[in-house]
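Student: starting from these lines, generate the structure:
(2 chains, ligands or ions: 1)
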Amino acid sequence: MGKTLFDKVWDSHVVESIPNGPDILYIDKHLIHEVTSPQAFAELETRNIPLLRPEQILATADHNVPTVNQHLPIKDLLSRQQLQQLTENCKKHNITLYDLGHKYQGIVHVMAPELGVTQPGMTMVCGDSHTSTHGAFGTIAFGIGTSQVAQVFASQCLILNKPKSLRVNVNGKLAKGVTPKDVILYIISHLGTNSGTGYFCEYAGNVFREMSMEGRMTVCNMSIEMGARGGMIAPDETTFSYIKDREFAPKGEAFEKKIAYWKTLPSDADAVFDQEYHFNAEDIAPMITYGTNPGMGMKINGTVPLNKGESDKKALAYMGFEEGQSLIGQPINYVFIGSCTNSRIEDFRMAASYIKGKQKAPNVNALIVPGSQQVVKQIEQEGLREVFEMAGFEIRQPGCSACLAMNDDKIPSGEYCVSTSNRNFEGRQGQGSKTLLSSPLVAAAIAVEGKIIDITKFLN
Amino acid sequence: MEKFVKLTSTAVPLKVENVDTDQIIPARFLKVTNKIGFGENLFRDWRYNPNNEPVASFVLNDDTYSGQILVVGDNFGCGSSREHAAWALTDYGFKVVVSSYFADIFKGNALNNGLLPLQVSPEFLQKLFNAIDENPNTTFTVDLESQTISIDGSGQQSEFDIDPFKKVCMLNGYDDIDFLISKKDAIETFEKQRQTEINF
Ligand code: SF4
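Tutor: Numbering: from 1, shown residues only, chains lettered A, B, ... in the order given. Coordinates of the predicted model:
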């Protein structure tokens, strides 16, 4: 029987298998940030354990940073201390840190791929569930808890049971205006938020093969929202040309050698998956969520499905929506385009293509938060800054921002926010805020109209 | 890590499904750099209204219920990987969380902090809720050695699964770090081999 992409990468990283137990899995790259690392550093310090491979760790400041005036000291005392702690820890242990103000600083899952840190066949972890993003490169990448951060610090390994394998196939031709975000929201709305628990997911089919790396990252990013530990897409020419010439990519002959290796990674034709699903690209439409988990999504011109249990009713009550209701015409006062799901250059190109020459609606606060300093640079070089500013959008500095609202970028209680992030949990964007997830294209259109519209009509 | 062997306690019922870690501990409480005091803000936005007054109807504010066991709806702990969720539950005083499903990362985090994520069938979960509804003073006994949870005095019992490696860790209060450090030689040998194989 053939091997899956996941098997190949996993098996090549097993240091030892504990008899009748889990594997000791070697980790090639460890990404860290300010929120989930301090307790891990403290743990090792108390136990007097050194870090094994600090050169395989890369740190950035993203979750708890302000998105204005990043050159000034941070006002909030606790946030300032948390970032100082990261700086001190990195200095003490010789870890490379892209701190505020550094030209490579950014959301960890935007920054690492664009620097060529993320490469096929690697194992990567980070104390953040959306580490699944890096799977777009054919990488085993997954989020870990702080105890595991400490384990990787101490040993560059984790003790894990090998997950089961799942493949989601999408074939056919996507309609105009259907973006990678819609594809993944559609998949999750059909499979539910825990269908992937215990699995690592591979996305296959021509829809993913034809997607850009940015699009593949958007898809893999949200694997965790269906419960899967991670998602992967087979590396191919699109992957190789994305990595080529990036800062930390191998160069010259070394790069050619790597490509030869990377080409051996895709799943064998006779590989068998523990679970498999198939979808038709033609059935997918621009999506929006109406509830308080990412599985509660629907076609933007559809109606809120009839719900079953208590939890669904609670979600609708929180959102202020009713079963059978259409969301078209629903006024929206906040639009957030950002987060590790949709804050890459392609996302802003997509938003700008709709916004160009238009104005945001007067009732809308429209926030654009690029994923990294590099993306900021690209936005400027491509003239997108003017497009956004002329339309009345506010462009901020890189960070997680309103995706989790740890900093000041909060949506006020009771307000609806159409957001390109990945979670619409109760209060995720600020206490009492109501989040509707969408693609950057849909978010841009809603910002212009000030209410939910049937984007499909505008495109044809 | 604290050992876990056996526990008899009353339980707190939270009949909500898909409880995500943002509800267990909202992001605005993640700014501290230690593990202390998270229990105060456990389920903060369900427990207190925006004026910081306790919400009387929320189960943690209801004197009827108490105990070291939390019984919750399906798919508990989904969402963010924040281990602060496990720290908040243990800091509050819970030692066991019972559900019919746990999200992967939460489950691992709980086990790494001596908090037992105990998965039962949806039917048995319903029995637990019913037992608490009928009499909030019902006690439950969780025995890790025999991997069983019983509704005391009713004769009803269910077995549960736990990774054998994690079971040993919990029974003895060991964590993965000690074990991994003992494997240093094997890890270094692996690194050398991998270097030559694919030159990472
Ligand atoms: S942007 Fe949001 S989802 Fe992504 S890493 Fe930051 S907080 Fe997590």
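Student: B:Ile149: which element?
Tutor: Using DSSP states H and E, B:Ile149 sits in strand B:148-151.
Student: same for that strand, what does it pack against?
Tutor: helix B:122-134, strand B:140-143, strand B:156-159 (3 or more CB pairs under 8 Å, 6 or more residues apart in numbering or on different chains; DSSP states H and E). C-beta here means a position set from N, CA and C on the backbone, and glycine is covered the same way.
Student: what lines up beside it in the sheet?
Tutor: For strand B:148-151, the paired strands and their directions (DSSP bridges) read strand B:140-143 (antiparallel), strand B:156-159 (antiparallel).
Student: quick one: low-confidence parts of chain B?
Tutor: B:198-200 (pLDDT under 70).
Student: longest strand of chain A?
Tutor: Determined from DSSP state E, the single longest strand within chain A is strand A:164-171.
Student: quick one: mean pLDDT over that one.
Tutor: The average pLDDT for strand A:164-171 rounds to 98.
Student: how close does A:Gly215 get to A:Leu166?
Tutor: A:Gly215 sits 20 Å away from A:Leu166 when distances are taken as CB to CB, to the nearest Å.
Student: quick one: contacts for B:Tyr101?
Tutor: A:Asn194, A:Thr197, B:Asp74, B:Asn75, B:Phe76, B:Gln119 (CB atoms under 8 Å, 6 or more residues apart in numbering or on different chains).
Student: how near is it to B:Lys95?
Tutor: From B:Tyr101 over to B:Lys95 (counting by CB to CB), the distance is 20 Å.
Student: likewise B:Leu115?
Tutor: 7 Å.
Student: shared neighbours, those two?
Tutor: The contact sets of B:Leu115 and B:Lys95 do not overlap (CB under 8 Å, 6+ apart).
Student: more neighbours: the two, which one.
Tutor: Using other CB atoms under 10 Å in any protein chain shown, the more surrounded residue of B:Leu115 and B:Lys95 is B:Leu115, with 25 against 18.
Student: so the more buried one sits against B:Ala88, correct?
Tutor: No - using CB atoms under 8 Å, B:Leu115 makes no contact with B:Ala88, being 10.2 Å away.
Student: let me see the domain layout of chain A.
Tutor: A:5-160, A:164-283, A:307-454 (automatic domain parsing).
Student: how about the second one and chain B, touching?
Tutor: To tie it back to what came earlier, the one meant is domain A:164-283. Yes - against chain B, domain A:164-283 shows contacts by CB under 8 Å from any CB of the partner chain at A:Thr193, A:Asn194, A:Thr197, A:Gly198, A:Gly227, A:Arg229, A:Ala254, A:Lys257, A:Tyr261.
Student: what's the answer for the last one, then?
Tutor: Yes - using CB under 8 Å from any CB, a contact is recorded between domain A:307-454 and chain B, made by A:309-311, A:314, A:404-406, A:413, A:423, A:425-428, A:431-432.
Student: now, of those residues, which are buried?
Tutor: A:Ser311, A:Lys314, A:Leu404, A:Ala405, A:Met406, A:Arg423, A:Phe425, A:Glu426, A:Gly427, A:Arg428, A:Gln431, A:Gly432 (16 or more other CB atoms under 10 Å in any protein chain shown).
Student: quick one: which of the residues you listed is nearest the ligand?
Tutor: A:Leu404 (4.0 Å; CB to the nearest ligand atom).
Student: number of residues surrounding residue 150?
Tutor: Here I'm looking at chain A. 28.
Student: the chain in question should be chain B.
Tutor: B:Ser150: 17 neighbours (other CB under 10 Å).
Student: now do the SS call for whichever residue of chain B sits closest to the ligand.
Tutor: In chain B, no residue comes nearer to the ligand than B:Ser80, which is 7.0 Å away by CB to the nearest ligand atom. Recorded secondary structure, B:Ser80: coil (DSSP: H, G, I helix; E, B strand; the rest coil).
Student: distance of the closest residue to it other than its chain neighbours from B:Phe102?
Tutor: Nearest residue to B:Ser80, sequence neighbours excluded (CB to CB, 6 or more residues apart in numbering or on different chains): B:Thr21, at 4.6 Å. Computed with CB to CB, the distance linking B:Thr21 and B:Phe102 is 11 Å.
Student: domain-wise, how is chain B divided?
Tutor: B:6-161, B:163-199 (the TED database).
Student: now the end-to-end length of the longest one.
Tutor: Looking back up the chat, that one is domain B:6-161. With CA to CA, to the nearest Å as the measure, domain B:6-161 spans 15 Å from end to end.
Student: stretch A:175-185 now?
Tutor: 15 Å.
Student: is it positioned near the ligand?
Tutor: No - figure legend: stretch A:175-185 not in contact with the ligand (CB under 6 Å from any ligand atom); closest approach 13.5 Å.
Student: and the contacts of that stretch?
Tutor: Against stretch A:175-185 from outside (CB under 8 Å, 6+ apart): A:170, A:174, A:207, A:211, A:214-216, A:218-219, A:221-222, A:225, A:281-282, A:284-289, A:294, A:297, A:341-342, A:350, A:420, A:437-441, A:455-456, A:459-460.
Student: list the buried ones in that stretch?
Tutor: Those would be A:Ala175, A:Gly177, A:Val178, A:Thr179, A:Pro180, A:Lys181, A:Asp182, A:Val183, A:Ile184, A:Leu185, for stretch A:175-185 by 16+ other CB under 10 Å.
Student: swap in stretch A:132-145?
Tutor: A:132-145.
Student: any chance of these in JSON lines, plus secondary structure?
Tutor: Converted to JSON lines, the buried residues of stretch A:132-145 look like this (three-state DSSP):
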{"residue": "A:Ser132", "secondary structure": "helix"}
{"residue": "A:Thr133", "secondary structure": "helix"}
{"residue": "A:His134", "secondary structure": "helix"}
{"residue": "A:Gly135", "secondary structure": "helix"}
{"residue": "A:Ala136", "secondary structure": "helix"}
{"residue": "A:Phe137", "secondary structure": "helix"}
{"residue": "A:Gly138", "secondary structure": "coil"}
{"residue": "A:Thr139", "secondary structure": "coil"}
{"residue": "A:Ile140", "secondary structure": "strand"}
{"residue": "A:Ala141", "secondary structure": "strand"}
{"residue": "A:Phe142", "secondary structure": "strand"}
{"residue": "A:Gly143", "secondary structure": "strand"}
{"residue": "A:Ile144", "secondary structure": "coil"}
{"residue": "A:Gly145", "secondary structure": "coil"}
